[in-house]
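S.K.: 3D model of this:
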Amino acid sequence: MRQRWMPVGVLAAALFVINAVARLIVWKADIAKDAEQTRIGMITFGAIAVLCVAAAAWWALRYPLDRVAADLLVAGGSAALLSVVIGPLFSGKAVFDGGIGMVLGQLVMYLALAGLGAGLGILGVIALGKDWKTRAWKRHEDSLNARRNRSAR
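M.R.: Here you go, the predicted structure:
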């Protein structure tokens, strides 16, 4: 049980830390310009998407895709909730300062970018034929070919 959920928790923590550090940088550096905040936000979301691509590709090599999707959903959802509920504390604001619409918007955007990154990682592994199911089919095909090539007596 621990072997499955430890990597999920580490991924969720890493995604949350990326968001928290970006918020802390904006707050402590006193970046008030919208263009600068947007640039840091885009870098943050890019890092989150890249981390999700890497995690999805890494897990898709080893496990069935339904397990990979579930693990990524748990990690991404946990990180999104942490980033929306606890994240504002790293920027010196209260949780619902922007209103519930702002919170839901951040939650949807976070989940969409994490989902996009995870989807790209999984699709990349499938396209290369390295996913768990494709390799199992290849092994099955090789075993059938090995049986056919035996000489008859």
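S.K.: output the below-cut-off pLDDT ranges for this structure.
M.R.: Low-confidence regions of the chain, defined by pLDDT under 70, span residues 1, 148-153.
S.K.: leaving out sequence neighbours, find the closest residue to K138.
M.R.: Nearest residue to K138 in three dimensions, chain neighbours excluded: G129, at 7.6 Å (C-beta to C-beta, 6 or more residues apart in numbering). Just so you know, the C-beta spots here come from the backbone N, C-alpha and C atoms, and that holds for glycine as well.
S.K.: three-state assignment of the one you found?
M.R.: Counting by DSSP: H, G, I helix; E, B strand; the rest coil, the backbone at G129 sits in coil.
S.K.: neighbours of it, how many?
M.R.: Neighbourhood size, G129 [other C-beta atoms under 10 Å]: 10.
S.K.: list phi and psi for it.
M.R.: phi 70, psi 30 (degrees, to the nearest 10).
S.K.: quick one: it and W59, what's the gap?
M.R.: As judged by C-beta to C-beta, to the nearest Å, G129 and W59 stand 16 Å apart.
S.K.: chain center to the stretch of helix or strand K138 belongs to, what's the gap?
M.R.: In the assignment (DSSP states H and E), K138 maps to helix 132-148. Relative to the centre of its chain, helix 132-148 is centred 31 Å away, using C-alpha atoms, centre = their mean, to the nearest Å.
S.K.: show me what that helix is packed against.
M.R.: helix 34-62 (3 or more C-beta pairs under 8 Å, 6 or more residues apart in numbering; DSSP states H and E).
S.K.: list the buried residues for the helix it packs on?
M.R.: By neighbour count with 16 or more other C-beta atoms under 10 Å, helix 34-62 contains the buried residues 40, 44-45, 47-49, 51-53, 55-57, 59-60.
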